[in-house]
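1. Below is the sequence, then the predicted model.
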Amino acid sequence: MAVTINTLREYKEKGEAFSALTSYDATFAQVVSEAGVDVILIGDSLGMVLQGHDSTLPVTMDQVVYHVSCVAKGNRGSLIMADMPFMSYGSVDAALENAAELMRAGAHMVKLEGTDWMKDTISALTERAVPVCAHLGLTPQFVNKFGGYKVQGRDEKSAELMINHACELVAAGADIILLECVPAPLAARITQAVKVPVIGIGAGADTDGQILVLHDMLGITTGRKPRFVKNFLAETNSIPEAIAAYAKAVSERTFPAEEHTFKA
Ligand code: KIV
Ligand code: NA
């Protein structure tokens, strides 16, 4: 049965962890969905892993739409989430127009990076039938504002601010929260504070779901390997087995382990 937003809500209610991975093409989308991964993200990480840029900022709407349409053809029942690229949701009108394009291409929901300034945008989208994932913490589109890729929410003041932002965005209509590179105790607090499913990457084992970039979990990270990455191909004999091992490790909560986690 196809995974929907309700499936993810049920996982949260039951306390069962669910898995997500990025994919950018039809073949990997089919392998990932047939391995039982619940959510496929067409991430703007494609700017780095497919295009070779050193950030996600150069990625365009047309490019994400193209990859969503490829993934939609290969998908066999996972929930398809599409990243809205840099400045494609700079105004509410732009967000509506661009999200519609992603949904027409085959996305089931969209993901936006930001904080409380996104409230009106999120309300406008969800009221008009576009489910939204709000991405908080290390939001890579903000690399130039952050001055690098850094763990977020390390002090109590910024931690409380992030909890408040998550609650405000859920109140505005966000259906999922995604936390990237935040200390595990903060991710656990946010997961308890909001009623919607929370997906983590570099956010510890206590979120409702986990996500990784496909290339990272297959051991083909180029450049510096982030702490939260695990190569699942190293312990298996094929890509489908590696992806199934990831899904199993997430559902059994054996991934992420301590070594993949930021404690504070
Ligand atoms: O673009 C991406 O792949 C992402 C995930 C790392 C969450 O946003
Ligand atoms: Na992204």
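-> Okay, I see it. Here the structure is a predicted model, which is why all the values come from computation and not from measurement. Ligands and ions are numbered 1, 2, ... in the order given.

2. hmm, who's touching the longest helix along the chain?
-> In the chain, taking DSSP state H as the definition, the longest helix is helix 156-172. The contact list for helix 156-172, computed with Cβ atoms under 8 Å, 6 or more residues apart in numbering, reads 115-116, 118-120, 122-123, 126, 134, 136-137, 152-153, 177, 182-183, 186, 189-190, 193-196, 198. Any C-beta I mention is one placed from the backbone N, CA and C, and that applies to glycine too.

3. Please list the members of these that lie in helices.
-> Among the contacts of helix 156-172, the members found in helices (DSSP H) are Lys119, Asp120, Ile122, Ser123, Thr126, Leu186, Arg189, Ile190, Ala193.

4. Distance-wise, check the third one relative to Pro140.
-> It refers to Ile122. 19 Å (Cβ to Cβ, to the nearest Å).

5. Quick one: residues contacting Asp116.
-> Counting by Cβ under 8 Å, 6+ apart, Asp116 touches Asn164, His165, Glu168, Leu169.

6. and if we set it to 7 Å?
-> Asp116 is in contact with His165, Glu168, counting by Cβ atoms under 7 Å, 6 or more residues apart in numbering.

7. Tell me the spacing between it and Met87.
-> Taking Cβ to Cβ as the measure, Asp116 falls 18 Å from Met87.

8. burial measure for the residue nearest to Lys225 when sequence neighbours are not counted, as a count.
-> In this structure, Lys225 finds its nearest non-sequential neighbour in Asp216, 7.4 Å apart by Cβ to Cβ, 6 or more residues apart in numbering. If you count neighbours by other Cβ atoms under 10 Å, Asp216 ends up with 21.

9. wait, isn't Asp216 in contact with Lys230?
-> No - counting by Cβ atoms under 7 Å, Lys230 is not a contact partner of Asp216; they are 8.2 Å apart.

10. Pull up the overlap in contacts between these two.
-> Contacts common to Asp216 and Lys230, judged by Cβ under 7 Å, 6+ apart, are absent.
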